[in-house]
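[1] sequence plus the predicted model coming up.
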Amino acid sequence: MSAPDSLFAGVEPATPRRYVDVALALPLRTTFTYELPAPLDAEPGNRVRVPFRGRELPGVVIAVRDDCGSVPRDRVRPVRAVLDRAVVMPPSLLVLAQRIANDYGCSLGEALDAMLPSIAKQRGVRQLPHVELAVPVDLAHAAAEELEEKHEQRARVLRAVLEWSGPMPTLQLERQTNTSASPWQTLVKHGTLRRVMIDEEAEPLEPDTSAAGEPPILNADQRRAVDAVNVWLDRRAHRVCLLHGVTGSGKTEVYLRVLERARALGRSAIVLVPEISLTPQTVGRFAARFPDVAVLHSGLTGAQRAREWHRLSRGEAHIAIGARSALFAPVRELGVVVIDEEHESSFKQDSTPRYHARETAIARCEIESAVLVLGSATPTLESFGRAKRGAYELITLPQRAGHGTLPKMLVEDLRKEGKQQAVGGVVISRALQLQMAERLATKEQVILFLNRRGFAPVLVCPSCGAAVKCPHCDVSLTWHVRRGRLVCHWCQHEKRRPELCGYCSHPRLHELGAGTERVEAAVRQMFPEAIVARMDADTMRQRGAHERVLSAFRRRQIDVLIGTQMIAKGHDFPDVTLVGVISADTGLFVPDFRAAERTFQLLFQVAGRTGRGSKPGTVIVQTHCPENYAIAAASSLDYERFVQQELAFRRATGYPPYSRLVRVVFESKRETEAKEAGVALRGELQDLAEVEVLGPAPAILAKVQDRHRVHLLLKCFTAASFAAAMARLSTVEDRGTHALRVTLDVDPMAMM
Ligand code: ADP
Ligand code: ZN
């Protein structure tokens, strides 16, 4: 400790003291000042470890100063360590973090924490905890049966490990079963599971560059698109360009050319793709063209991510490709950000900070005078609306490039199919059945799409009409035949199928509606000789299953692939000539203003899975409401027609793009507590101008995991009113208590 100042009055200390302002990854809206004791050295953007309320926490240096401001000098505590002097976030990212904090109502430290993967600071190989069976498989099955009644979560965990086959990472296990560590820890204590440490994979990534060849000669539309974007790159000006082009129209080729220009100008680039289409093939297309690509996504191990991050940070790689969080790649001299499939809801993060990568990319590109290219066959209403207003450059690729034609779309009105099939819930219309038979005869491939997993979404009593519901959530349980379990798709609660109706003891429950499992059963029955595979969250519970099924399908070892939206996106299978949409209606009646948009997008994307090769494709859309505008427009692949109607609807109701939304959700085991909190907040927001406040009202999912849910929705009609609303709301989460959970969600994508 240093002596009191008075002793040194008039004497210069040998080394002047230095101080740093540090942002901590806590929901606290201020930064904290610490002394930087010699010989430690740091600059803004460095990570440090500091003492805080009896703990030591990591934080990011925001500023270095030679005074400690208003904090009394003897109260300032020293920085404990600079974590890695070489890891420095570029200044532009510090500015961006502040924008995220302002727009999404989180602290600066939380925003920075999301940008800098914790992994970036660590080096070398790490060991990760896994669990595996410590008893024979049949014993484990018996144990799961036994635990079912009293310890449902433990039974659920044990079954997940059984399905995984082999050591399962505990993180994955907890995520998949929606449990904490305690169930698996208890199973370890009882000797059913064993905990093992396994080295993290540290092999460098090998992108699949096999498809690389000579770059094609651009067609006229592509040329126009590339030129339109490059104008802004050359001017070093910020601009958002919306590239609207159907699947296969050559958007990726346009991105590649734009990236080429950026690199020629000495600038770097970021490419964001949805997690699900981040395949080795996608990465390969970029890696084949550029030597300096780094890949960032959650599928990488910590060591791999750290390596890629450092390559970008050190300037060894200049192109980052990855999912949402790759937007925070530490590149300098950013020239262009590409967001492919910009309509995908996975660009929104659903935990703090709840940023939307598209909106945040606009901010980053503004800060760095970079160009943002948004690509999609079905742009969001937000992006298309802004482009129509002239805020964005609208660029269209109207035709498929290379070979490949748009598929023929046929609508099957299920109301004509008669009662008999509808009762069972599986409806493969006669038309679809006939077409499938033809394809199977000529050895062409078929995709059947249904966005609902399990066998039947509801079990109902034919006598009293009661459905079997989740004991913790306000939803019915889905019947899964293969697992022999009823499962809650919200909290993952599982239970055995009851013999009798719980209300009237009627002895037989009916399976109502259809999921992918039921479609699979129907197809196997109709075409016993066909090789059928199913791809949904249930069949993908085994390590590596995803790639196995896709590559078997690509090698034509599977005739019919049935799946949820997992198969709707991005994959390119030239021999698929028939796509059947089992029900176009599953998402249509969800009370969410984006229901029509989602339905349209999904149908359009599914249609993109056929006709990619030399043979033309056919899509059969089965629906009970062929006259619905989203379904009708999708069935004629008419984006313009859909958007016109949808924009009119959004304008009339004041939803985006005509407003920016803010949602506040209150959750409590006591319904009145949630409601009262909502009413109180509404009262405080009454006087905001140009803001419409809806609610408080029960959320669509009125109860999840025993918590009642009430929400409030704000439509902010101007940028100023959004800022005013956020000034009031940025600390609303601080009202949360142990009993009351408060969530602030700006640009919400889910209204559930
Ligand atoms: P998108 O990204 O819009 O789905 P891609 O860029 O993947 O489209 O292009 C679809 C297919 O057409 C790819 O196989 C690609 O190699 C090919 N392709 C793209 N542009 C051209 C072109 N100008 N000439 C010939 N083939 C092209
Ligand atoms: Zn539940």
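    Ah, there it is. Ligands and ions are numbered 1, 2, ... in the order given.

[2] for whatever residue of the stretch 151-300 of the chain ends up closest to ligand 2, what are phi and psi?
    Ligand 2 sits closest to residue 178 of the stretch 151-300 of the chain, with a gap of 9.0 Å, by C-beta to the ion. Using the backbone N, CA and C atoms, a C-beta is placed for each residue, glycine as well. Phi and psi for residue 178, reported as degrees, to the nearest 10, are phi 60, psi 50.

[3] is the nearest residue to residue 342 once chain neighbours are set aside in a helix, a strand, or coil?
    Among residues not flanking residue 342 along the chain, residue 374 sits closest, at 4.0 Å (C-beta to C-beta, 6 or more residues apart in numbering). Of the three states, residue 374 takes strand under DSSP: H, G, I helix; E, B strand; the rest coil.

[4] residue 374 and residue 243 touch, don't they?
    Yes. Using C-beta atoms under 8 Å, residue 374 makes contact with residue 243 at a distance of 6.7 Å.

[5] distance of the residue of the stretch 151-300 of the chain closest to ligand 2 from residue 491?
    Plainly put, residue 178 is 6 Å away from residue 491 if you go by C-beta to C-beta, to the nearest Å.

[6] and the two? Which one has more around it.
    More crowded of residue 178 and residue 491, by other C-beta atoms under 10 Å: residue 491, with 17 against 14.

[7] residue of the stretch 551-700 of the chain closest to ligand 2, please.
    In the stretch 551-700 of the chain, no residue comes nearer to ligand 2 than residue 667, which is 13.8 Å away by C-beta to the ion.

[8] so which helix or strand takes in that residue?
    Secondary structure assignment for residue 667, by DSSP states H and E: strand 660-668.

[9] name the surrounding residues that touch that strand.
    The contact list for strand 660-668, computed with C-beta atoms under 8 Å, 6 or more residues apart in numbering, reads 655, 673-675, 677-678, 681, 696, 699, 704, 707-716, 719, 722, 725-726, 729, 732, 739-748, 751.

[10] how far away is the closest residue to ligand 2 within the stretch 1-150 of the chain from residue 137?
    Residue nearest to ligand 2 within the stretch 1-150 of the chain (C-beta to the ion): residue 148, separated by 15.9 Å. Note on residue 148: its distance to residue 137, by C-beta to C-beta, is 17 Å.

[11] looking at those two now, which is surrounded by more residues?
    residue 148 (18 against 10).

[12] so for the residue lying closest to that one once chain neighbours are set aside, what's the pLDDT?
    Leaving aside its chain neighbours, residue 148 sits nearest to residue 155 (4.7 Å; criterion: C-beta to C-beta, 6+ apart). For residue 155, the pLDDT comes out at 92.

[13] may I see the buried residues of stretch 35-42?
    Under the neighbour-count criterion of 16 or more other C-beta atoms under 10 Å, stretch 35-42 has 35-36, 40, 42 buried.

[14] dump those residues to CSV, plus pLDDT.
    Shown next, in CSV, are those (pLDDT from 0 to 100):
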residue, pLDDT
35, 92
36, 91
40, 87
42, 90
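
[15] give me the subset of those that also touch ligand 1.
    When C-beta under 6 Å from any ligand atom is applied, no member of these is adjacent to ligand 1.

[16] the residue nearest to residue 148: neighbour count?
    Applying other C-beta under 10 Å, we find 23 residues neighbouring residue 155.

[17] next: residue 216.
    Residues contacting residue 216 under the criterion other C-beta under 10 Å number 11.

[18] OK, contacts around it?
    Residue 216 makes contact with 250, 253, 401-402 under the criterion C-beta under 8 Å, 6+ apart.

[19] put the buried members of those into a ChimeraX selection.
    Only the buried entries of these go into this ChimeraX selection, using 16+ other C-beta under 10 Å:
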select :250,253,401
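
[20] now for the contacts of residue 216: which two are most distant?
    Greatest spacing in the contacts of residue 216, by C-beta to C-beta: 253 and 402 (9.2 Å).

[21] buried stuff in stretch 394-404?
    Of the residues in stretch 394-404, 394-395, 397, 399-401, 404 count as buried by neighbour count, 16+ other C-beta under 10 Å.

[22] which positions in the protein make contact with ligand 1?
    Proximity of the chain to ligand 1 (C-beta under 6 Å from any ligand atom) is limited to residues 216-219, 222, 245, 247-253, 401-402.

[23] most widely separated two among those?
    Maximum pairwise distance in those, criterion C-beta to C-beta, is 20.7 Å, between 217 and 247.

[24] between those two, which is the more surrounded one?
    More crowded of residue 217 and residue 247, by other C-beta under 10 Å: residue 247, with 23 against 7.

[25] could I get the buried residues of stretch 394-404 as a markdown table with distance to residue 72?
    Output for the buried residues of stretch 394-404, formatted as a markdown table (distance: C-beta to C-beta, whole Å):
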| residue | distance to residue 72 |
| --- | --- |
| 394 | 58 |
| 395 | 58 |
| 397 | 63 |
| 399 | 70 |
| 400 | 69 |
| 401 | 67 |
| 404 | 71 |
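
[26] you'd agree residue 25 is up against residue 109?
    Yes. Residue 25 sits in contact with residue 109 when judged by C-beta under 8 Å, with a separation of 4.6 Å.

[27] between these two, which is the more surrounded one?
    A direct count of neighbours by other C-beta under 10 Å for residue 25 and residue 109 places residue 109 higher, at 26 against 21.

[28] how close does that one sit to residue 747?
    For residue 109, the distance to residue 747 - C-beta to C-beta - is 21 Å.

[29] and residue 69, by the same measure?
    In this view, residue 69 and residue 747 are 35 Å apart by C-beta to C-beta.

[30] who's more crowded, the two?
    More crowded of residue 69 and residue 747, by other C-beta under 10 Å: residue 747, with 19 against 10.

[31] residue contacts, the nearest residue to the more buried one once chain neighbours are set aside?
    With C-beta to C-beta, 6+ apart as the criterion, residue 747 has its nearest non-adjacent residue at 4.4 Å, and that residue is residue 356. With contact set as C-beta under 8 Å, 6+ apart, residue 356 has these partners: 347-349, 746-747, 749.

[32] now swap in residue 445 and tell me
    Residue 445 is in contact with 439, 553, 556, 558-561, 573, 575-578, counting by C-beta under 8 Å, 6+ apart.

[33] ditto for residue 86
    Residue 86 touches 313-314, counting by C-beta under 8 Å, 6+ apart.

[34] tell me the pLDDT at residue 38?
    pLDDT, residue 38: 83.

[35] overlap in contacts of residue 25 and residue 109?
    residue 59.

[36] please enumerate the helices of the stretch 301-450 of the chain.
    Secondary structure of the stretch 301-450 of the chain (DSSP state H, counting those that start in this stretch): helices at 302-313, 357-367, 381-388, 419-424, 430-441.

[37] format the ones you listed as a markdown table; extra columns: distance to ligand 2, mean pLDDT and mean neighbour count.
    Supplementary listing: these in a markdown table, determined by distance: least, C-beta to the ion, whole Å; pLDDT from 0 to 100; neighbours: other C-beta atoms under 10 Å:
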| stretch | distance to ligand 2 | mean pLDDT | mean neighbour count |
| --- | --- | --- | --- |
| helix 302-313 | 32 | 83 | 21 |
| helix 357-367 | 29 | 96 | 21 |
| helix 381-388 | 32 | 95 | 21 |
| helix 419-424 | 26 | 49 | 11 |
| helix 430-441 | 33 | 94 | 15 |
